[in-house]
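# what would the 3D arrangement of this be:
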Amino acid sequence: MSMVRLAITTALFASGASAATHDLSGGLDLTAAARVGVLYDDNALLGRRGQFLDAPGAPRGREDDVAAVQAVELDLGRRLRRSSRVTLGSRFELAQLRQTDELAGYDVATSLGLEQRFGPGVELAPVFGLLYHREEPQWSHRTLEPGLRARYTFPSGLMAELRYRFTRQDFARAADGTAEPKNSYANVDFRGHRAEIDLRQWFLHWLRLNIASDFQAAEYAGNLNTNLADYAGLDAGTERKDVGAGATGAVAIVPWAPLLFSVGSRYEVNRSNSDAFTFGAIHGLASALWTLHRGHALYADLDYGRYAFPDEQFDRRFTNTRLDWRRDVSAVYRFEPIEPLRAEVAIRRIDSVSNDCAAFDPRRDAFGLPVYSRSYSCYGRTRVEASVRWEF
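I've put the predicted structure just below:
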């Protein structure tokens, strides 16, 4: 799905399935599910080849991947009082059978949460999550994510929700404990804070307004190799530090009961000690949810954004600064023939076009770097996944 979410439609789409909960002794309840799927990706290594087009030692061009994915989910809950409930969730996902061997691996995740109500309209839900991702050593990592969600519903029907999350992601190190130089920020140790404020209000039962703002601060470790340090404009060993904010507004309309669609826009800025990650962006957003009869549902989402990098001179021949145009289109079809069974087909297409690579010159200098353009900004990617989920 699009990185910029319209929570109004995705939340409704996600709520289409009801979990099969089993009541156990001692006030416990259990939900268990198994999922199998097939995933196709026509640019599976996007982001892993570094920031450079045809960087030395990196795979050239696109690489297809077909994977068989299996997952098991267990969620255990216990109501402490009428107004509070504690939950323990776990997930194991295996993607060992795949065309691209270097991506083969598994995920183990667990979370501990508390849901607490304080009278009518007030909810508080802290959660603590852990994830271990295992594949090639340089891409294996541990992620720690504590978070908090607070919600208040006003008598007028206005719902205000505050969400906060801290993320700490640590990648595997060499045998001597040192962090190896990396060619991409995708596998550099990360620390980040993110806070969101979300306001939603229904009008006349068919019109809904959603206004959200978010704030984030992040730090990336400084174990950069020559290529990445040159692209980021930082010395090896220097941490990259970002501070950003965004605002999203969307209007949802329900012309008749089975159909909901929304349109909106988003503006975001990011300030960094690296010119390559200092930008301002504006997005056009649209989504639609169509609930069909007998368990069929269709969801579609569009995010079209323009990114301006005011301090990055992408081409050493000119004074131009970098401009990117990115389009993200996705669609999900879901069918639930019976309550415990859910089948889905999801398609996502991402395209990025930039003046950074519009006049790209293939010549290289003595270090193998592009003579003129320095970054990898033009790309496309298609992902298709078909899956079946059974709750038991």
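
# contacts and neighbour counts: CA atoms only from here.
Noted.

# got any ranges where the chain has weak pLDDT?
Counting by pLDDT under 70, the chain shows low-confidence ranges at 1-20, 49-61, 314-319, 358-376.

# helices of that one, start to end?
For the chain, the helices defined by DSSP state H cover 7-14, 226-232.

# what is the neighbour count of residue 118?
With neighbours defined by other C-alpha atoms under 10 Å, the count for residue 118 comes to 11.

# show me what contacts it?
Residues counted as contacts of residue 118 (C-alpha atoms under 8 Å, 6 or more residues apart in numbering) are 83, 124.

# now do the strands in the stretch 1-150 of the chain.
According to DSSP state E, counting those that start in this stretch, the stretch 1-150 of the chain carries its strands in the segments 21-23, 28-41, 65-81, 84-98, 105-117, 122-134, 141-153.

# so the second one versus strand 84-98, what angle?
Pointing back at strand 28-41 there. Relative orientation of strand 28-41 and strand 84-98, computed by axes from the mean of the first three to the mean of the last three C-alpha atoms, to 10 degrees: 30 degrees.

# please save the CA atoms from strand 28-41 in PDB.
Below are the C-alpha coordinates for strand 28-41, written out as PDB (Å, rounded to 0.1, in the frame of the first residue of the first chain):
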ATOM      1  CA  LEU A  28      -8.200 -16.000  28.500                       C
ATOM      2  CA  ASP A  29      -9.100 -15.800  24.800                       C
ATOM      3  CA  LEU A  30      -7.100 -17.000  21.900                       C
ATOM      4  CA  THR A  31      -7.000 -16.200  18.200                       C
ATOM      5  CA  ALA A  32      -4.900 -18.400  15.900                       C
ATOM      6  CA  ALA A  33      -4.400 -18.100  12.100                       C
ATOM      7  CA  ALA A  34      -2.200 -19.600   9.400                       C
ATOM      8  CA  ARG A  35      -1.400 -17.900   6.100                       C
ATOM      9  CA  VAL A  36       0.100 -19.100   2.900                       C
ATOM     10  CA  GLY A  37       0.900 -16.900  -0.100                       C
ATOM     11  CA  VAL A  38       2.800 -16.400  -3.300                       C
ATOM     12  CA  LEU A  39       4.700 -13.200  -3.900                       C
ATOM     13  CA  TYR A  40       6.100 -11.800  -7.200                       C
ATOM     14  CA  ASP A  41       8.400  -8.800  -7.300                       C
END
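
# beta-bridge partners for the nearest residue to residue 289 once chain neighbours are set aside, please?
Closest residue to residue 289 apart from its sequence neighbours, by C-alpha to C-alpha, 6 or more residues apart in numbering: residue 299 at 4.5 Å. Beta bridges link residue 299 to residue 289, residue 332, judged by DSSP bridges.

# since that was my last question, I'll sign off now.
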